[in-house]
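1. Predicted model and sequence below, questions to follow.
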Amino acid sequence: MTPPVHQARVLSTLNADGTRRWLRPKLAHGRFLTGRRIVGFALIVLFVLLPRIRIGGRPALLIDLITREINVFGLVFRPSDGVVLMLFGLTVVLVVFLVTALFGRVWCGWGCPQTVYLELVFRPIERWLEGTPSQAARLPRFHPRKLAKLAIYAAISFALSNVFLAYFVGTDRLEQWVFDSPLDHLGGFSVVVGVAALMMVDFAYFREQMCIVACPYGRLQSVLLDKQSLIVGYDEARGEPRTKAKKSLPVLEEPRGDCVDCSACVSVCPTGIDIRQGLQMECIGCAQCIDACDAVMDKLERRRGLIGYTSQDRLAGKRGRLLRARTVIYPALLALVVGLFVLSIGTKSAAEVFVQRATGPSFVMLPDGRVASQVLLKIENETDELKNYTITLAETPNATLRSPQPRWQVKARKASDVPLFVDSPPEAFVGGKRTAHLRIDDSEGFQKIVTVTLLGPERGQR
Ligand code: SF4
Ligand code: SF4
């Protein structure tokens, strides 16, 4: 029989007439739910504590938008560390590729903040206040329990949003902002309110659609997985043909599978799919259907594992293989990129020196007839100590360096502009240019020579 239009579906969360199919999944208790709770709550604690943990006096993780520095477990990256940051980004991408090839969507079901917060924080509050799915469906829209739920959601979203901001401004600055008037820090306050509002919309309304229609990682699964990757799958060979549990057919008369068509696996699925229809893009690998089906099998005194973690090949009766193209190529690339990353960190200089474009005239003629060419250096102190830098000329004949101060002090992890003049006779310039070599020392072993092009008068201008 063809279902009525309002019941037919194009997506698990969308009816054919475009209306939203609200999901109220039941909760299946079991070993995987216990495991996910342990992992999920550990991740929540880590998320809250990470900006507070200090390594070498610096936050364990801070993407400081104000000083434009990124702190990652004791390492400090600045905008000038483009190559190191690119290698770090490549490392993350390759780890995602490798983990997905091996373990499928384990991240989605066990570690993704969307799943962790929705399934372990927001949905349990909803179940606590609104009751079972059928009780919840009967509550009017503005029932006090529903309003209380939204109020708790708003409070949690606001608190999480503050933690989120701490990753970008640091806990010290955030604590100071919390006690000041919001008008004194309108930018930060707007971010907190904006992120909290987005969380509210996501966890109260958008929910599983984030995984089904919005998340790019979910969309990439078809290219990241192979037939050996870990998936949650239904053992069709064992489960079919389905037979209702109560209908006890004489064993020898008709073959029957272990699936009793109880729909327990469907009623607990947070994305609203039926895993018995095969691997689907909507499956986030949360293992709720495994826990539900294992409980049914336990009751029927049948073997567990009708639904389980498996692979497409294993479901087809083939052997599992660890060694395959993806599990060889990804680790090889990963080793190369991590090697380059470690090498670039290990050989990182104690300071970086850049020649910058100076403002104003690039040279002036002095009363004694010599040419004063302007040079602007930028020194970045990459250490955790204050440093004093001296700058001298190296192997540049017929030139004198003029520096407004004998030493340039640069604070730890800070940068400073150093304006200089190099005086030369006009004859030193060919085609209006000459080169000079500047040596930068910090008297503690750091030394760097930079070559600068000085501008001066063309022959006709002298
Ligand atoms: S929970 Fe298990 S027995 Fe029940 S419908 Fe799903 S697969 Fe079949
Ligand atoms: S099919 Fe199973 S593992 Fe996949 S999302 Fe639904 S309940 Fe989770």
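-> Good, I have the coordinates. Ligands and ions are numbered 1, 2, ... in the order given.
2. Write out the residues of the stretch 101-250 of the chain neighbouring ligand 2.
-> Within the stretch 101-250 of the chain, the residues that sit near ligand 2 (Cβ under 6 Å from any ligand atom) are Val232. From N, CA and C alone the C-beta is placed, and that goes for glycine too.
3. Would you point out which residue is most central in the chain?
-> By Cα atoms, centre = their mean, the chain has its centre lying nearest to Val92, at 8.8 Å.
4. which residues sit against the strand or helix carrying that residue?
-> Using DSSP states H and E, Val92 maps to helix 82-103. Helix 82-103 has contacts (Cβ atoms under 8 Å, 6 or more residues apart in numbering) with 70, 72, 77, 106-107, 217, 221, 224-226, 229-230, 326-327, 330-331, 333-334, 337-338, 340-341, 344-345, 348.
5. After that helix, heading C-terminal, what element do we hit next?
-> With elements assigned by DSSP H and E, the helix or strand that comes after helix 82-103 is helix 106.
6. How many neighbouring residues does whichever residue of the stretch 351-462 of the chain sits closest to ligand 1 have?
-> Among the residues of the stretch 351-462 of the chain, Arg413 lies closest to ligand 1, at 56.7 Å counting by Cβ to the nearest ligand atom. Using other Cβ atoms under 10 Å, Arg413 is surrounded by 17 other residues.
7. Let's see which of the contacts of helix 82-103 end up in strands.
-> Residues of those located in strands (DSSP state E): Ile70, Val72, Phe77.
8. Report the spatially nearest residue to the first one, omitting neighbours in sequence.
-> Nearest-residue entry for Ile70: Phe77, 4.3 Å, with adjacent residues in sequence omitted and distances by Cβ to Cβ, 6 or more residues apart in numbering.
9. so who does the one you found touch?
-> Per Cβ under 8 Å, 6+ apart, neighbours of Phe77: Glu69, Ile70, Asn71, Val84, Leu85, Phe88.
10. so which of those is the most crowded?
-> In the contacts of Phe77, the most neighbours by other Cβ under 10 Å go to Asn71, 22 neighbours.
11. Surely that one and Asp64 touch.
-> Yes: Asn71 lies in contact with Asp64 (Cβ atoms under 8 Å); the separation is 7.0 Å.
12. Retrieve the pLDDT associated with the residue nearest to the centre of the chain.
-> Looking at Val92, its pLDDT stands at 94.
13. ok, it to Ile44 distance?
-> 21 Å (Cβ to Cβ, to the nearest Å).
14. Please apply the same query to Glu427.
-> 71 Å.
15. ok, the two, which is more surrounded?
-> Ile44 (17 against 12).
16. Would you confirm that that one belongs to a strand?
-> No: remark: Ile44 does not belong to a strand; assigned using DSSP: H, G, I helix; E, B strand; the rest coil, it is helix.
17. so it makes contact with Thr115?
-> No: using Cβ under 8 Å, Ile44 is not in contact with Thr115; the gap is 12.0 Å.
18. Name only those of the contacts of helix 82-103 that count as buried.
-> The neighbour-count test (16 or more other Cβ atoms under 10 Å) marks 70, 72, 77, 106-107, 221, 224-226, 229-230, 326-327, 330, 333-334, 337-338, 340-341, 344 as buried among these.
19. Can you give the domain ranges for this structure?
-> Split into domains by automatic domain parsing, the chain comes to 24-80+112-207, 226-315, 351-461.
20. Now for Pro397: which residues touch it?
-> Here Pro397 is in contact with no residue (Cβ under 8 Å, 6+ apart).
21. typo on my end, Cys286
-> With Cβ under 8 Å, 6+ apart, Cys286 has these contacts: Phe32, Arg36, Cys108, Gly109, Trp110, Thr115, Glu119, Val232, Pro270.
22. Surely Val213 touches Phe206?
-> No: between Val213 and Phe206 there is no contact, the gap being 9.3 Å when judged by Cβ under 8 Å.
23. which secondary structure elements does the longest helix along the chain contact?
-> Once the chain is assigned using DSSP state H, the helix that runs over the most residues is helix 144-169. When contacts are defined as 3 or more Cβ pairs under 8 Å, 6 or more residues apart in numbering; DSSP states H and E, helix 144-169 packs onto strand 61-64, helix 123-130, helix 171-179, helix 186-201.
24. Could you dump those into TSV and include mean neighbour count?
-> Output for the helices and strands packed on helix 144-169, formatted as TSV (neighbours: other Cβ atoms under 10 Å):
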stretch	mean neighbour count
strand 61-64	18
helix 123-130	16
helix 171-179	14
helix 186-201	16
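25. Report the contact partners of the residue of the stretch 1-150 of the chain found nearest ligand 2.
-> Proximity of the stretch 1-150 of the chain to ligand 2 (Cβ to the nearest ligand atom) peaks at Gly109, 6.3 Å away. Residues in contact with Gly109 (Cβ under 8 Å, 6+ apart) are Arg36, Thr115, Val232, Ile284, Gly285, Cys286, Ala287.
26. still on that earlier bit, turn the helices and strands packed on helix 144-169 into a markdown table, including mean pLDDT.
-> Below are the helices and strands packed on helix 144-169 laid out as a markdown table (pLDDT from 0 to 100):
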| stretch | mean pLDDT |
| --- | --- |
| strand 61-64 | 92 |
| helix 123-130 | 96 |
| helix 171-179 | 90 |
| helix 186-201 | 94 |
